[in-house]
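Novice: using only what follows, build the 3D model:
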Amino acid sequence: MNKKKLITFVVLAYGISWLIWLPNVLAHNFDVPWEFSKWLHIIGGLGPFLGAVITTYLFDRNAGVAKYFKDKLLRTQSVKWILIGLGMPFVFFLIAVLIVGIFIGEWLVFSDLGLNSKLPITNPFLIWLLWCFFYGLGEEGGWRGILFPEFTKSYPARIATLYVAFIWIPWHLPVFFYDKDLSTMGWFGTIGWAVGLVFGSLLLGWLVKQAQFNLWPVILWHGTFNFFTTSDQLNPLIPGLMSFMVIIFALWIARRYGENLELESTLKATENTINETT
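Specialist: Alright, predicted model coming up:
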């Protein structure tokens, strides 16, 4: 594990995102000559991805950047896991909608799907694309693109996901100073949110490892999950139930795979090496 590389990445990921979000923090809390920007809120999600690319260039130059894009974004042999990454949030959402509809009697209004007052557009498909690009690629390009793989060089995958979560959680800090959804959660809600991210880190770490560190499964998972859970016109029970299902699924992963998660990855890597040699 290259500690200098990790520190450089974390500083860049935080620095880029926090600088982009800073005008919104100031606009929300102080009398400044500009208004809150919905675009800055979205663009700030690119910090980890840009940090990963810059860090890779600083340590591995052009060849490293080319390998990063080739291995993590241009490979297409993980179609199965891409479909799982895209489909899992859909399943969680449908289950949550059914639970709310059956037990509370409030059914989904499709025209409300994806709408969020903090976004600059209202077209559901474009909103989904925004989430997939700016927070799917934007976050996963860093957290699972460079941070998690680097940690797994020195720690078991399960421990590595915890370290990623401990870095991932504080990265959101500036958003708490202007986003009403986060700032009004209170201590109990914030703790629950952080716990959800810990389990989400385990799930996404498992998913990207099954895809041999191809990022498309986690990009689509993250963007699609955000699309559903940030729809602020929907019943707030729906994102809560979806987060609960993430926790349940992550617990299943921890029990089902355990140490075998490392063993399975090693066997796959060995098999790929043999196939390339022959």
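
Novice: C-alpha from now on. contacts and neighbour counts both.
Specialist: OK.

Novice: quick one: contacts of stretch 54-70?
Specialist: Applying CA atoms under 8 Å, 6 or more residues apart in numbering, the contact partners of stretch 54-70 are 5, 8-9, 12, 53.

Novice: in JSON lines, list those along with secondary structure and pLDDT.
Specialist: Shown next, in JSON lines, are the contacts of stretch 54-70 (DSSP: H, G, I helix; E, B strand; the rest coil; pLDDT from 0 to 100):
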{"residue": "5", "secondary structure": "helix", "pLDDT": "96"}
{"residue": "8", "secondary structure": "helix", "pLDDT": "98"}
{"residue": "9", "secondary structure": "helix", "pLDDT": "98"}
{"residue": "12", "secondary structure": "helix", "pLDDT": "98"}
{"residue": "53", "secondary structure": "helix", "pLDDT": "98"}
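
Novice: of the residues you listed - the most surrounded one?
Specialist: Counting neighbours by other CA atoms under 10 Å, residue 9 leads the contacts of stretch 54-70 with 26 neighbours.

Novice: OK, contacts around that residue?
Specialist: Taking CA under 8 Å, 6+ apart, we find residue 9 in contact with 48, 51-52, 55, 147.

Novice: tell me the one among these nearest to residue 224.
Specialist: residue 48 (18.4 Å; CA to CA).

Novice: for that closest one, give its distance to residue 14.
Specialist: 7 Å (CA to CA, to the nearest Å).

Novice: the contacts of residue 9 in helices, which ones?
Specialist: Secondary structure from DSSP state H places 48, 51-52, 55 of the contacts of residue 9 in helices.

Novice: among those, which two are most distant?
Specialist: Pairwise distances across the ones in helices among the contacts of residue 9 (CA to CA) peak at 10.2 Å, for the pair 48 and 55.

Novice: for this protein, where's the lowest mean pLDDT among helices and strands?
Specialist: helix 260-277 (a mean of 41; mean pLDDT, DSSP states H and E).

Novice: thinking again about what came up before, neighbour count winner among residue 48 and residue 14?
Specialist: residue 48 (33 against 21).

Novice: identify the residue nearest the residue most central in space within the chain in space, chain neighbours excluded?
Specialist: The centroid of the chain falls nearest to residue 222 when counting by CA atoms, centre = their mean (4.6 Å). In this structure, residue 222 finds its nearest non-sequential neighbour in residue 136, 5.0 Å apart by CA to CA, 6 or more residues apart in numbering.

Novice: and that neighbour, what does it touch?
Specialist: Applying CA under 8 Å, 6+ apart, the residues near residue 136 are 218-223.

Novice: can you tell me the SS state at the residue lying closest to residue 149 once chain neighbours are set aside?
Specialist: Nearest residue to residue 149, sequence neighbours excluded (CA to CA, 6+ apart): residue 213, at 7.8 Å. Recorded secondary structure, residue 213: coil (DSSP: H, G, I helix; E, B strand; the rest coil).

Novice: name the SS class of residue 31, please.
Specialist: Assigned state for residue 31: coil (three-state reduction, three-state DSSP).

Novice: where's the residue lying closest to residue 34 once chain neighbours are set aside, which helix or strand?
Specialist: Distance criterion CA to CA, 6+ apart; nearest residue to residue 34, sequence neighbours excluded, is residue 27 at 6.5 Å. Secondary-structure assignment from DSSP states H and E places residue 27 in helix 3-29.

Novice: in that helix, what counts as buried?
Specialist: By neighbour count on 16 or more other CA atoms under 10 Å, the buried set for helix 3-29 is 5-6, 8-10, 12-18, 20-28.

Novice: stretch 186-198 now?
Specialist: For stretch 186-198, burial by neighbour count (16+ other CA under 10 Å) applies to 192-198.

Novice: which residues does that stretch contact?
Specialist: 161-162, 165-166, 169, 182, 243-244, 246-247.

Novice: same thing with stretch 228-236?
Specialist: Contact with stretch 228-236 is made by 93, 108-109, 112-117, 238-239, 242, as judged by CA under 8 Å, 6+ apart.

Novice: so, low pLDDT: which residues of the protein?
Specialist: Across the chain, residues meeting the criterion (pLDDT under 70) sit at 77, 258-278.
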